[in-house]
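J.: Build me a model from this:
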Amino acid sequence: MRLTIDSEKLPIKLWLDDMEDGAMQQARNLANLPFAFHHIAIMADAHFGFGMPIGGILATDETIIPNAVGVDIGCGMCAVKTSLNSIDEAQLKQIMGSIRKAIPLGFKRHKKAKLHDLMPQDQKIDTLPIVKSEYNNARTQVGTLGGGNHFIEIQRGADGAVWFMIHSGSRNLGYRVANHYNKLAISLNKKWKSSIPKSWQLAYLPMDDKPGQIYYREMHYCVEFAQANRILMQERVKEAFVEHISEDIEFAEPINIAHNYAACETHFGKKVYVHRKGATRAETRDTGIIPGSQGNSSYIVCGKSNPESFNSCAHGAGRKLGRKQAQRQLNLEREKKELDKRQILHSLRGKRDLDEAPGAYKNIETVMARQQDLVDIVDILEPLAVIKG
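T.: This next block holds a predicted model:
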């Protein structure tokens, strides 16, 4: 931890010392919530979000905030180590071509709904109104990447082993659940004459009331859907490898984690609802994934169960430029030249792609250096080829 701010109702503990003003104000707002618990934790990759900084952790007492989870519920990472120790450019291009054919990108979806067996199985859909209404649409989106910063990347580990990594979430299902319950929370907070300013964008739902309980269950269905989404894409990527590599390939057990959700946990002797918005759980039993940009290293890590971060760590490099800002300020040819120099098969084609250029992100090595008290590095993965949503 680098800094503690004690000027608000609760302390704010920061793992960075250069947070933008807007995100800092959001952290102060969190620290003054009447139901916030113990302290606010802000990770090294933090930046401005809706209501709450992305890269923030908020623990609450018997309360849940839809905007403190966000619209891409269950968004997270999947990483798989292969038995390959070499791969050439021609094979990379063939594999990436097959992935693009098998996995819809951006706003695209499957033409036919996928089997029910590929969807989460352990929750009763009839008790989840938004999930039930979106279920058939979700069946066409399971196994699809989505847009924005979602990606599929082939990488090389420190020992030379070839990996692949997937970053994706709950697609339109999570968006619908998040928006419905955030609007409901806003309406109820107005009815209750809540003392929390509307401008904070932190409307809440009590967990002892039906709306909060249903949101919590719908949210966790979306977390499971996002995991199922990554699992299906993982199978399609494996098939692409097998199709274009002549030797037999073994695939290690996948790492599959979320970084946008809320969960009931015990911290500092109290059961609370921990909101991780762009943050990864980092208990000692957890293997985590902290990706860089498409031009920088990604990290496989092991958690240290640091109570000061509510057993959490950063979820990536974190943005230093907003999307429109990156498209205005970054030089396309310079960004492409840097990636080409490193022989990375990248996704920069035109100015609109600059929102996902390496220059739009913080230095991942700096982020990792600032959280040595939160995680140990297990492996460092270098990008070889990248597909962006």
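J.: same question for stretch 285-304, mean pLDDT?
T.: Stretch 285-304 shows a mean pLDDT of 95.
J.: residues contacting residue 319?
T.: 47, 54, 360-362 (CB atoms under 8 Å, 6 or more residues apart in numbering). Where C-beta positions appear, they are placed from N, C-alpha and C, glycine not excepted.
J.: Check the gap between it and residue 385 for me.
T.: 23 Å (CB to CB, to the nearest Å).
J.: Helices - which of the contacts of residue 319 land there?
T.: Judged by DSSP state H, helices contain none of these.
J.: quick one: which of those residues is nearest residue 205?
T.: Nearest to residue 205 among these is residue 54, at 21.0 Å by CB to CB.
J.: returning to what we had before: please list only the buried members of the contacts of residue 319.
T.: 47, 54, 360-362 (16 or more other CB atoms under 10 Å).
J.: Reformat the contacts of residue 319 as TSV; add pLDDT.
T.: Formatted as TSV, the contacts of residue 319 follow (pLDDT from 0 to 100):
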residue	pLDDT
47	96
54	97
360	90
361	93
362	92
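J.: Would you point out the most distant pair within these?
T.: Counting by CB to CB, the most remote pair of those is 54 and 360, 13.7 Å apart.
J.: which residues of the stretch 101-250 of the chain fall in helices?
T.: For the stretch 101-250 of the chain, the helices defined by DSSP state H, counting those that start in this stretch cover 129-139, 171-191, 210-244.
J.: what's the helix or strand for residue 276?
T.: strand 270-277 (DSSP states H and E).
J.: try residue 28
T.: helix 21-31.
J.: For that helix, buried residues please.
T.: Under 16+ other CB under 10 Å, the buried positions of helix 21-31 are 23-24, 26-31.
J.: angle of it against strand 270-277?
T.: Put simply, helix 21-31 runs at 160 degrees to strand 270-277, going by axes from the mean of the first three to the mean of the last three CA atoms, to 10 degrees.
J.: As TSV, the contacts of residue 319 with distance to residue 9 would be great.
T.: TSV is the format used below for these (distance: CB to CB, whole Å):
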residue	distance to residue 9
47	23
54	22
360	34
361	32
362	29
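J.: Of those, which belong to strands?
T.: Under the assignment DSSP state E, the contacts of residue 319 contribute 47, 54 to strands.
J.: Return the helix or strand in the chain with minimum mean pLDDT.
T.: helix 332-341 (a mean of 89; mean pLDDT, DSSP states H and E).
J.: And the contacts of that helix?
T.: 294-295, 346, 348, 350-351, 353-354, 357-359.
J.: related to what we said a few turns ago, so which of the buried residues of helix 21-31 comes closest to residue 248?
T.: For those, the nearest to residue 248 is residue 23 (48.2 Å; CB to CB).
J.: need the contact list for that closest one.
T.: 42, 46-49, 53.
J.: so what pLDDT did it get?
T.: Reported pLDDT for residue 23: 97.
J.: residues near residue 32, how many?
T.: 15 (other CB atoms under 10 Å).
J.: again with residue 266
T.: Counted with other CB under 10 Å, residue 266 comes out at 9.
J.: For residue 177, give me its contacts.
T.: 73, 130-131, 134, 170, 215, 218-219, 221-222.
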